[in-house]
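Undergrad: Okay, sequence plus prediction incoming.
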Amino acid sequence: MGTLVVAAFAVLSAIVIGLLNAWARAEISAHYEPLITWFIRTGCNRFAEEDRADHMAEVLAMNSAIRSPTRRLWDAASFCLLATRAARAANDVRRSSAELFYYETTEAIIACIGTASLMLGTLAAPYLGIDTRIGPLYAVTWFAGVSLVASVYSLYRIGRCVRVVFREVDFD
Amino acid sequence: MRVLSTFVEAGHVELSGADISERTGMLSGTLYPILIRFRDAGWLKDRWEDDKPIELGRPKKRFYRLTPTGQRAFVRGQEKARTGAIVWAR
């Protein structure tokens, strides 16, 4: 009898959770629409005023073709974030290689300094009198993890610098 | 290359931004600047849908078609990629 009650309770709770989930998704999706329009409008504001309507119509058409509301929201947000790039392309404004190189080098140096300080911090922590008694393993794991992520990011930034330099070289 | 190859794979038909986005899996934030640059470079030719949005019940689409210049750029890009791959393998 007890097993039967537990099984019935499990089935009932699964149904209730399923219904709640569907309701929550419908509720949230309903609020996506104005947010999507806002993201796209904000993004399109970066374009020249005379072409703005065309860009807005096209991006809305692209966005409305996506079936999943969450993916639509994500798509609109990405457009809003990357609209500067699109506007730059539309106005045919390209950064010069020198400007791009300085920009990329600065980013790479900052990333490298961050990485080095994290790594040195990890290595020097015991010598600097930092109390690691509460969880040395935790501290080491945390710092080593962050250092690793920072290293990968630094390499990525250095790679971008190299790419800018190589952009100027014609290998043909 | 992914965008250009989409047109070649589709058989040189007209594709809307939404179609390209779906086929390449790119988000509009990434795809849109590429389309603008390709259009300006003359690799793609565009035209707006003729029907009105009220009749369609959705925003008007802009269709793109690969031009002969775009086709040449695609072939050139493929050759470069192939050569690069061989150099890398050595």
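TA: That came through, no problem.
Undergrad: from here on, contacts and neighbour counts on C-alpha atoms
TA: Will do.
Undergrad: Tell me which residue in chain B sits closest to chain A.
TA: In chain B, the residue that lies nearest chain A is residue B:29 (3.7 Å; C-alpha to the nearest C-alpha).
Undergrad: and after the strand or helix carrying that residue, which helix or strand comes next?
TA: According to DSSP states H and E, residue B:29 maps onto helix B:28-41. Heading C-terminal from helix B:28-41, the first helix or strand you meet, by DSSP H and E, is strand B:44-48.
Undergrad: centre of the chain versus the very next helix or strand once past that following strand, how much separation?
TA: Following strand B:44-48 in sequence order, the next helix or strand is helix B:53-56 (DSSP H and E). Put simply, helix B:53-56 sits 25 Å off its chain's centre (C-alpha atoms, centre = their mean, to the nearest Å).
Undergrad: Can you list the low-confidence ranges for chain B?
TA: B:84-90 (pLDDT under 70).
Undergrad: Around chain A, pick out the residues from it.
TA: B:16-18, B:21-22, B:27-30, B:32-34, B:36-37, B:58-62 (C-alpha under 8 Å from any C-alpha of the partner chain).
Undergrad: PyMOL command to pick out the buried ones of those?
TA: Buried residues within those, by 16 or more other C-alpha atoms under 10 Å in any protein chain shown, are selected in PyMOL with:
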select buried, chain B and resi 16+17+18+21+27+28+29+30+32+33+34+36+37+59+60+61+62
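Undergrad: Do me a favour and average the pLDDT over the one helix or strand residue A:106 maps to.
TA: Assessed by DSSP H and E, residue A:106 sits inside helix A:97-124. Average pLDDT, helix A:97-124: 77.
Undergrad: what's that helix packed up against?
TA: If you count contacts as 3 or more C-alpha pairs under 8 Å, 6 or more residues apart in numbering or on different chains; DSSP states H and E, helix A:97-124 packs onto helix A:136-167.
Undergrad: buried sites along the helix it packs on?
TA: A:143, A:144, A:147, A:150, A:151, A:153, A:154, A:157, A:158, A:160, A:161, A:164.
Undergrad: Tell me if stretch A:151-165 is near chain B.
TA: No: Stretch A:151-165 lies out of reach of chain B by C-alpha under 8 Å from any C-alpha, never closer than 14.8 Å.
Undergrad: For burial, what's the neighbour tally of residue A:103?
TA: 13 (other C-alpha atoms under 10 Å in any protein chain shown).
Undergrad: So residue B:76 versus residue B:35, what's the distance?
TA: Counting by C-alpha to C-alpha, to the nearest Å, the gap from residue B:76 to residue B:35 is 19 Å.
Undergrad: Which one's more surrounded, the two?
TA: Taking neighbours as other C-alpha under 10 Å, residue B:76 and residue B:35 compare with residue B:35 leading, 24 against 12.
Undergrad: Spit out the contact partners of that one.
TA: residue B:44 (C-alpha atoms under 8 Å, 6 or more residues apart in numbering or on different chains).
Undergrad: Check which residues of the helix or strand containing residue B:77 are buried.
TA: Per DSSP H and E, residue B:77 falls inside helix B:68-89. The neighbour-count check on helix B:68-89 (16+ other C-alpha under 10 Å) flags B:70, B:71, B:74 as buried.
Undergrad: what would those look like in CSV with distance to residue A:8?
TA: Shown next, in CSV, are the buried residues of helix B:68-89 (distance: C-alpha to C-alpha, whole Å):
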residue, distance to residue A:8
B:70, 64
B:71, 64
B:74, 62
